[in-house]
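S.K.: Pasting the sequence and the predicted model now:
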Amino acid sequence: MSHYPQENIKPYNEKEGKAAQVEKMFDHIAPAYDNLNHLMSWGIDKSWRRKAIRLLEPYHPQHIMDVATGTGDFAIQACQMLQPAELIGTDISEGMMNVGREKVKQLGLDKQISFAKEDCTALSFPENRFDAITVAFGIRNFEHLDKGLKEMYRVLVPGGHLVILELSEPAHFPMKQGYALYSKFVIPAMGWLLSKDRSAYTYLPESIKAFPQGEVMQGIIRKAGFSEVKFKRLTMGTCTLYFATK
């Protein structure tokens with residue numbers, strides 16, 4: 001298994017493992033997470049999700065897993081657009097999923113969407129269980145990226161699809177310079193004001209900076225066994241969308 005720089009980026013300290021710290025961080029910021037997420041992306045995250053879900057529309061997946069589902073925003077949008085028979089949101093943070101469960105209940109989607117606490121590097125599901133797997137803004141938090149991708153490959157049906165949305169660093173002027181200032185000063189300040197957890201929103205830009213992007217990530221997904229791996233940069237490189245087939 002390879003090791004990647006973002007696997008060493010942790011929210012709080014060097015002593016605990018990354019997965020344990022990420023779970024603790026998301027449990028802590030769960031109540032403020034949705035507002036902060038939409039605010040910090042200027043609401044563009046909703047259109048990114050739509051683009052990702054539309055890639056699955058021609059395939060009509062009926063059994064979907066949304067990995068690192070958090071508060072269920074992507075799961076809800078995917079359920080509304082794709083109308084699957086079943087959508088399971090998995091995460092390590094019960095605090096985040098509890099927010100998601102409440103949202104799903106209020107929307108009357110609790111017969112289609114369920115939530116389960118899962119370790120993405122050791123999923124409890126059998127092989128060939130899902131038609132499609134999605135991961136939105138969570139894959140950079142994996143403690144072991146290769147293991148997580150191989151597990152997702154294992155539980156996908158042959159011909160099934162993986163869709164990944166992840167924040168990325170713009171590479172060109174002037175967005176590159178503007179983003180650098182925004183991520184260094186604005187994101188931690190907003191995070192502290194709304195969640196009272198400065199570490200969580202210092203970790204965010206650091207983990208984005210360290211995460212493999214574009215062609216490098218494309219190669220890592222292929223290495224896990226996926227074929228036809230494509231990617232597209234969105235909003236001047238602030239987000240990258242990956243699409244792969246088993």
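M.R.: All right, it came through fine.
S.K.: Below-threshold pLDDT in the protein: ranges please.
M.R.: Along the chain, the model assigns pLDDT under 70 to residues 1, 37-42, 172-173, 175-176, 178-183, 185-195.
S.K.: Could you identify the longest strand within it?
M.R.: The strand that spans the most residues within the chain, counting by DSSP state E, is strand 156-167.
S.K.: So for stretch 11-18, what gets flagged as buried?
M.R.: 11-12, 18 (16 or more other CB atoms under 10 Å). Bear in mind the C-beta positions are built from the backbone N, C-alpha and C, glycine included.
S.K.: Could you do stretch 96-104 as well?
M.R.: Buried, per 16+ other CB under 10 Å, within stretch 96-104: 96-97, 99-101, 103-104.
S.K.: before we move on, what about stretch 152-161?
M.R.: For stretch 152-161, the neighbour count (16+ other CB under 10 Å) marks 152-156, 160-161 as buried.
S.K.: so how far is that stretch off the chain centroid?
M.R.: 18 Å (CA atoms, centre = their mean, to the nearest Å).
S.K.: on that earlier part again, need the buried residues of stretch 96-104 in JSON lines with secondary structure and distance to Gly138, can you?
M.R.: Output for those, formatted as JSON lines (DSSP: H, G, I helix; E, B strand; the rest coil; distance: CB to CB, whole Å):
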{"residue": "Met96", "secondary structure": "helix", "distance to Gly138": "10"}
{"residue": "Met97", "secondary structure": "helix", "distance to Gly138": "12"}
{"residue": "Val99", "secondary structure": "helix", "distance to Gly138": "15"}
{"residue": "Gly100", "secondary structure": "helix", "distance to Gly138": "13"}
{"residue": "Arg101", "secondary structure": "helix", "distance to Gly138": "17"}
{"residue": "Lys103", "secondary structure": "helix", "distance to Gly138": "17"}
{"residue": "Val104", "secondary structure": "helix", "distance to Gly138": "18"}
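S.K.: Start and end of stretch 225-242, how far apart?
M.R.: 15 Å (CA to CA, to the nearest Å).
S.K.: got the contact list for that stretch?
M.R.: 44-45, 48, 51-52, 55, 149-150, 153, 162-172, 175-176, 179, 213-215, 217-218, 221-222, 243-246 (CB atoms under 8 Å, 6 or more residues apart in numbering).
S.K.: circling back: farthest-separated two in the buried residues of stretch 152-161?
M.R.: Of all pairs drawn from the buried residues of stretch 152-161, the widest gap by CB to CB lies between Arg154 and His161 and measures 14.7 Å.
S.K.: which ones are touching Pro158?
M.R.: Applying CB under 8 Å, 6+ apart to Pro158 gives the contacts 128, 246.
S.K.: Which residue, neighbours along the chain excluded, lies closest to Ile164?
M.R.: Leaving out its chain neighbours, the residue that sits closest to Ile164 by CB to CB, 6 or more residues apart in numbering is Tyr242, at 4.1 Å.
S.K.: Next, the buried residues of whichever strand or helix holds the one you found.
M.R.: Element membership of Tyr242, judged by DSSP states H and E, is strand 239-245. Neighbour-count burial for strand 239-245 flags 239-244 (criterion: 16+ other CB under 10 Å).
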